[in-house]
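Peer 1: When you get a sec, could you give me coordinates for this:
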Amino acid sequence: MSCCVSVTEVTTAAGWLAGLAVVALLATGWRKPARARADSSRRDGLTAEFTPERPRFEEVPASLYRPAPWWRRVWSLVWGGALAVWVGAVFATLIGFGVAKAVITLTDLLKR
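Peer 2: Numbers count the residues shown, from 1 in each chain. From the prediction side, this is the model:
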């Protein structure tokens, strides 16, 4: 059993991690938008008849704001935390690889 990790193993692991990060970024890009797009159904509450006595559009009262249910908030908190841990692991791996590479390079320079 080897006591050290070779540079090839670290490079391969970093490559796999970078590939998985790209797949995760692509997967998050293929979701429904948070807001609905502008729609012609918005005009249903407006009257389009125009007469001199009456303005072209009348205001219609909007429905009251309804907050998200508690289970959606908990769900988003769980997934947000999981995503934060995952992104932290990716950054820690990249920073660790960079520091290891710098230490190896500087050690090689001292040996000369």
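
Peer 1: Please, where are all the helices along this structure?
Peer 2: 7-29, 70-111 (DSSP state H).

Peer 1: Any buried residues in the helix or strand of the chain with the lowest mean pLDDT, and which?
Peer 2: Lowest mean confidence among the helices and strands of the chain (mean pLDDT, DSSP states H and E): helix 7-29, at a mean of 85. By neighbour count on 16 or more other C-beta atoms under 10 Å, the buried set for helix 7-29 is empty. (Each C-beta comes from the backbone N, C-alpha and C, glycine too.)

Peer 1: pLDDT weak spots in the chain?
Peer 2: For the chain, residues meeting the criterion pLDDT under 70 lie at 1-3, 30-58.

Peer 1: if you set the cut-off to 50 instead, what comes out?
Peer 2: Scanning the chain for pLDDT under 50 picks out 1, 42, 44-45.

Peer 1: Let me see the contact set for A89.
Peer 2: A89 makes no contacts at all, as judged by C-beta atoms under 8 Å, 6 or more residues apart in numbering.

Peer 1: Could you check how far it is from A24?
Peer 2: As judged by C-beta to C-beta, to the nearest Å, A89 and A24 stand 12 Å apart.

Peer 1: do G80 as well
Peer 2: 15 Å.

Peer 1: tell me the centre residue of this protein?
Peer 2: T28 (6.1 Å; C-alpha atoms, centre = their mean).

Peer 1: Please tabulate the helices of the chain in CSV, including the columns distance to E59.
Peer 2: Formatted as CSV, the helices of the chain follow (distance: least, C-beta to C-beta, whole Å):
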stretch, distance to E59
helix 7-29, 38
helix 70-111, 31
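
Peer 1: Need the residues touching each of A89 and A24.
Peer 2: With C-beta under 8 Å, 6+ apart, A89 and A24 have no common neighbours.

Peer 1: where's I95 relative to G88, distance?
Peer 2: 10 Å.

Peer 1: With L64 instead?
Peer 2: 39 Å.

Peer 1: quick one, which of these two is more surrounded?
Peer 2: G88 (10 against 5; other C-beta atoms under 10 Å).

Peer 1: one step back: alpha carbons of the least confident helix or strand of the chain, as CSV, please.
Peer 2: The C-alpha trace of helix 7-29 is given here as CSV (Å, rounded to 0.1, in the frame of the first residue of the first chain):
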residue,chain,number,x,y,z
VAL,A,7,0.3,13.7,-9.0
THR,A,8,-1.4,11.6,-11.7
GLU,A,9,-4.1,10.5,-9.2
VAL,A,10,-4.7,14.0,-8.0
THR,A,11,-4.9,15.3,-11.5
THR,A,12,-7.3,12.6,-12.5
ALA,A,13,-9.5,13.3,-9.4
ALA,A,14,-9.5,17.0,-10.2
GLY,A,15,-10.4,16.4,-13.8
TRP,A,16,-13.4,14.2,-12.7
LEU,A,17,-14.5,16.9,-10.3
ALA,A,18,-14.2,19.6,-12.9
GLY,A,19,-16.3,17.4,-15.3
LEU,A,20,-18.9,16.8,-12.7
ALA,A,21,-19.0,20.6,-12.0
VAL,A,22,-19.7,21.3,-15.7
VAL,A,23,-22.4,18.7,-15.7
ALA,A,24,-24.0,20.3,-12.6
LEU,A,25,-23.8,23.7,-14.1
LEU,A,26,-25.5,22.5,-17.3
ALA,A,27,-28.2,20.7,-15.2
THR,A,28,-29.0,23.8,-13.3
GLY,A,29,-29.3,25.8,-16.5
